[in-house]
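> What follows is a predicted structure for the sequence shown.
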Amino acid sequence: MMFSPTLPNSYDARDRASLIHQQTDLKAYRDDGGTLMKRGEGIWVFDESGNRYLEAMAGLWSASLGFSEKRLAEAAYKQMLELPYYHTFFGKGNLPSVDLAEKLLSIAPKPMSKVLFQCSGSEANDAAIKLVWYYHNAIGKPEKKKIIGRVRGYHGNTVASVSASGQPHMHSDFDVPLPMFRHADNPNYYRFHEDGESEEDFSSRMAANLEALILAEGPETVAAFIAEPVQGGGGAITPPAGYFDKIQPILRKYDILFLVDEVICGFGRTGNLWGSETYGLVPDMVSCAKALSASYQPISALMISEPIYEALVSESDKLGSFGHGYTYGGHPVACAVALETLRIYEERDIVGHVRRVSPVMQEGFKALEDHPLVGNARGVGLIAGVELMADKAARQPFDPARKVGTLVQGKCQEVGLIVRAIGDRIAFTPPLIITDDEAAEMCSRFAKGLDAAW
Ligand code: PLP
């Protein structure tokens with residue numbers, strides 16, 4: 001048994017008495033508690049009892065440089081001594097935010113004009129949605145306001161970003177999605193293809209359904225389509241062959257902006273700097289966060305194209321101000337840490353490293369398709385989803401009430417591996433610094449977790 005019993009005044013007891021845990025079954029947590037981490041080292045984290053876990057999710061798809069990168073701590077400390085805080089409001093600013101904006105524009109997946117810093121992926125996507133509306137008002141198309149996300153897409157938890165997300169359990173009883181949001185099909189080929197349907201044909205069907213949705217809504221009312229290159233929170237779902245090649249011409253045909261959510265895929269996760277490069281995306285806006293600062297500081301960025309920026313300038317000229325902003329947007333310490341993170345990525349050729357190590361992980365999971373619980377394993381770079389199936393031949397999922405994914409996740413934790421069960425899909429996004437040996441270790445611990453659950 002790895003977990004210590006709850007003692008009065010233990011962290012576990014105090015945690016349960018005082019904190020609301022996010023995206024958590026609160027009743028179960030109150031009854032059973034969870035795991036509190038105390039320290040990190042490379043791709044490993046240690047709980048308060050000293051148990052060691054390989055963090056196969058990099059926290060929340062995010063701690064790209066692992067949990068003990070001293071250079072990031074030093075960058076934060078240095079900036080705190082120099083200027084610990086200054087905003088970017090009312091015509092003022094700070095130096096690290098300028099350096100970081102310039103750097104991001106120099107590496108953007110397609111030429112972008114300006115960067116808006118926020119504090120989280122949710123805020124970056126929320127801002128993107130606000131800017132879509134503001135832009136269309138500015139250019140005299142106030143009726144063009146609907147946003148299309150995708151079933152199981154995830155873009156955050158503000159009211160607008162969760163509305164764009166297609167996660168029913170995040171909508172229920174929160175009175176979202178807002179009325180101007182729609183959701184296109186989930187592109188999980190393995191689960192939803194018809195017998196005999198090729199990936200390309202499946203992608204064509206997805207694109208035809210999207211076009212039908214746009215026509216049913218009225219193209220003059222549809223403002224933007226938002227998508228992650230690889231759907232993360234939906235279960236680490238890579239797009240089927242040809243998917244984005246078929247979707248993008250439809251967006252252009254109906255003058256619909258393409259918001260690309262690079263919050264997980266950005267900075268090397270898919271084996272290129274951007275998921276947009278991996279899948280040939282041409283975005284009008286790009287949001288990024290998480291690996292932007294290796295998650296050592298809360299920061300996100302929204303990059304926007306020149307025509308959108310010009311419209312924002314004309315609109316704020318008309319209104320007297322661009323009426324959007326957060327106290328911590330462009331925080332100098334977060335920007336300094338992000339700059340250092342990007343320097344480390346370049347110095348260590350992190351993208352090249354991801355390409356070299358990813359076959360160990362992807363082939364390791366592919367080999368597990370022989371396991372009786374595993375229906376399909378699929379991924380790209382250092383992101384993968386392993387789908388558990390009750391009947392593989394019939395592609396018959398388990399009864400959700402059995403919570404097989406949660407069982408596997410628990411068994412993995414018992415063998416010192418942190419994974420994330422999304423329903424019956426097990427997601428993997430280890431820190432980008434994972435070595436070949438550690439990737440092999442991750443696969444072997446996962447196999448042990450599966451065996452224990454079988
Ligand atoms: N977009 C994607 C693709 C995400 O995976 C997430 C979080 O997991 C978000 C947006 C929201 O980011 P945050 O939790 O920083 O608000």
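On my side now, so go ahead.
> Please report the number of neighbouring residues for the residue of the stretch 251-400 of the chain found nearest the ligand.
With Cβ to the nearest ligand atom as the measure, residue 263 is the residue of the stretch 251-400 of the chain nearest to the ligand, at 3.4 Å. The C-beta positions use only the backbone N, C-alpha and C, and glycine is treated the same way. A count of neighbours around residue 263, defined by other Cβ atoms under 10 Å, yields 30.
> where does it land in three-state SS?
For residue 263, the assignment made with DSSP: H, G, I helix; E, B strand; the rest coil gives coil.
> Quick one: residues contacting the nearest residue to it once chain neighbours are set aside.
In this structure, residue 263 finds its nearest non-sequential neighbour in residue 121, 3.7 Å apart by Cβ to Cβ, 6 or more residues apart in numbering. Contact analysis of residue 121 by Cβ atoms under 8 Å, 6 or more residues apart in numbering lists 155-156, 161, 261, 263, 287-290, 300.
> How confident was the prediction at residue 6?
Per-residue pLDDT puts residue 6 at 69.
> just the one 5 residues further on next, same as before
Per-residue confidence at residue 11 stands at 94 (pLDDT).
> in this protein, which ranges drop under the pLDDT threshold?
1-6 (pLDDT under 70).
> For it, what lies in contact range of the ligand?
Applying Cβ under 6 Å from any ligand atom, we find that the chain lies next to the ligand at 60-61, 120-122, 125, 154-156, 228, 232-233, 261, 263-264, 289.
> Mind checking which of those land in strands?
In strands, defined here by DSSP state E, the members of these are residue 261.
> Give me the distance between the residue nearest to residue 263 and residue 228.
The gap separating residue 121 from residue 228 is 10 Å, by Cβ to Cβ, to the nearest Å.
> For residue 158, what are phi and psi?
Residue 158 has phi and psi values of phi -70, psi 170 when expressed as degrees, to the nearest 10.
> How about it, nearest residue that isn't a chain neighbour?
Using Cβ to Cβ, 6+ apart and skipping residues adjacent in sequence, the residue nearest residue 158 is residue 126, 4.1 Å away.
> can you pull the contacts of the one you found?
By Cβ under 8 Å, 6+ apart, the neighbours of residue 126 are 118, 156, 158-161.
> Recalculate using a threshold of 10 Å.
118, 120, 155-164, 287, 300, 302, 324 (Cβ atoms under 10 Å, 6 or more residues apart in numbering).
> The residue of the stretch 251-400 of the chain closest to the ligand touches residue 295, doesn't it?
No - Residue 263 is beyond contact range of residue 295, at 11.1 Å (criterion: Cβ atoms under 10 Å).
> anything in contact with each of those two?
Listed as contacting both residue 263 and residue 295 by Cβ under 10 Å, 6+ apart are 60-62, 289.
> okay if I get these as JSON lines plus neighbour count?
Formatted as JSON lines, the shared contacts of residue 263 and residue 295 follow (neighbours: other Cβ atoms under 10 Å):
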{"residue": "60", "neighbour count": "17"}
{"residue": "61", "neighbour count": "24"}
{"residue": "62", "neighbour count": "21"}
{"residue": "289", "neighbour count": "29"}
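> so what does the helix or strand harbouring residue 105 touch, helix or strand wise?
Residue 105 belongs to helix 95-107 when assigned by DSSP states H and E. If you count contacts as 3 or more Cβ pairs under 10 Å, 6 or more residues apart in numbering; DSSP states H and E, helix 95-107 packs onto helix 70-82, strand 114-118, strand 300-304, helix 332-347.
> Mind listing what's buried along that helix?
Counting neighbours by 16 or more other Cβ atoms under 10 Å, one finds that the buried residues in helix 95-107 are 96-97, 99-101, 103-104.
> what are the ranges of the strands in the stretch 101-250 of the chain?
114-118, 146-150, 181-184, 222-227 (DSSP state E, counting those that start in this stretch).
> Which residues are in contact with the closest residue in space to residue 88 that isn't next to it in sequence?
Spatial nearest neighbour of residue 88, excluding adjacent residues (Cβ to Cβ, 6+ apart): residue 330 at 3.8 Å. Residue 330 makes contact with 86-89, 93-94, 96-98, 100-101, 115-119, 299, 301, according to Cβ under 10 Å, 6+ apart.
> can you put the strands of the stretch 101-250 of the chain in JSON lines and add mean neighbour count?
As requested, those are exported to JSON lines (neighbours: other Cβ under 10 Å):
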{"stretch": "strand 114-118", "mean neighbour count": "23"}
{"stretch": "strand 146-150", "mean neighbour count": "25"}
{"stretch": "strand 181-184", "mean neighbour count": "21"}
{"stretch": "strand 222-227", "mean neighbour count": "25"}
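> Tell me which of those lies nearest to residue 212.
strand 181-184 (9.8 Å; Cβ to Cβ).
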